[in-house]
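Colleague: take this sequence and fold it.
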Amino acid sequence: MADLKQTPLVDWHRANGGKLVEFAGWEMPVRYGPGVLQEHLAVRQRCGIFDVSHMGELEVSGPQARAAVDRLVTNNVATLGAGQVLYSAMCREDGTVIDDVLVYCFGDQRFWIVCNAANHPRVTQWVQDHLEGEATLNDRSADVALFAVQGPRSPEVLGGWERIARWKDELEQLEYYRFHPIEIDGVEAVLSRTGYTGEKGYEIYLPVSSAVRCWEELVACGTDAGLEPIGLGARDTLRLEAGYSLYGHELDDETTPLEAGIGLVVKLKAGDFIGRDILVEQR
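Modeller: Okay, here's the model as predicted:
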């Protein structure tokens, strides 16, 4: 697997029983010692921590960033407030899906588009080629690590992590699909009330340089809450059980969001976006 990309945690996964496999060009843990079923149940009953640092983070900024991002995705970015997250599809002119993404709004002039690892190169190129107005693309992916802490005891785990102590009130008050900017080792980070499991949980975007240290701290402080590291196998069974789409399965190059069953993220009355005309006809 010499040619595969690696997250900052690959050595930790290998040293702690992670079975590493190729996934979307990355070397990732599919499971750990106990196996997929136990990991699945750990998230449903207690808490699990996922390394999802292979995801892509694209920052769009500038005076017309909001309008530029709104045109790129099917959901309504125009009314998105600072601190809000939006799930959406990104489509071609023929309505087929390039990727399903999360849009983070930091304010009128700054947004993140978080995309799947397998689609990161083409999403980046698509955004670059179709960005309009006074807006600039900055691919932050190489600098950002991403952890998902998911399960009913996730608030307890994060609440016991000393790095979150300054933002304990924000942690407790954070609503679903909301986020709060924080700071880790003097660098901007993001605490997000999102996830891909169907359980209460959080995602933490943090600097790559702090990833190993923060992961080890979280694993240690989550021991009493039954926290376990979780691989891609259980991530897939959890999302499937929750009814969430996965690109390459429910979504692909030949499928529109309406055909894939995620029509709720297609806001045909909210304004223009790439692929809208075809989706109007299909609807």
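
Colleague: need the helices for the stretch 1-150 of the chain, in chain order.
Modeller: 10-15, 36-45, 65-72, 120-130 (DSSP state H, counting those that start in this stretch).

Colleague: average pLDDT for the longest one?
Modeller: Along helix 120-130, the predicted confidence averages to a pLDDT of 98.

Colleague: if we can go back for a sec, what's the most buried one of the helices of the stretch 1-150 of the chain?
Modeller: helix 65-72 (a mean of 23; mean count of other CB atoms under 10 Å). For glycine as for every other residue, the C-beta is placed from the backbone atoms N, C-alpha and C.

Colleague: quick one, that helix and helix 120-130 angle?
Modeller: 110 degrees (axes from the mean of the first three to the mean of the last three CA atoms, to 10 degrees).

Colleague: with just CA atoms, put helix 65-72 into PDB.
Modeller: Only the C-alpha atoms of helix 65-72 are listed here, as PDB (Å, rounded to 0.1, in the frame of the first residue of the first chain):
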ATOM      1  CA  ALA A  65     -18.700  33.600  -1.800                       C
ATOM      2  CA  ARG A  66     -22.300  33.000  -0.700                       C
ATOM      3  CA  ALA A  67     -23.800  33.400  -4.200                       C
ATOM      4  CA  ALA A  68     -20.900  31.400  -5.700                       C
ATOM      5  CA  VAL A  69     -21.500  28.400  -3.400                       C
ATOM      6  CA  ASP A  70     -25.300  28.700  -3.700                       C
ATOM      7  CA  ARG A  71     -25.000  28.200  -7.500                       C
ATOM      8  CA  LEU A  72     -22.800  25.100  -7.000                       C
END
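
Colleague: which strands or helices does that helix pack on?
Modeller: strand 110-115, helix 120-130 (3 or more CB pairs under 8 Å, 6 or more residues apart in numbering; DSSP states H and E).

Colleague: any chance of those in a markdown table, plus distance to L171?
Modeller: Listed next are the helices and strands packed on helix 65-72 as a markdown table, based on distance: least, CB to CB, whole Å:
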| stretch | distance to L171 |
| --- | --- |
| strand 110-115 | 20 |
| helix 120-130 | 29 |
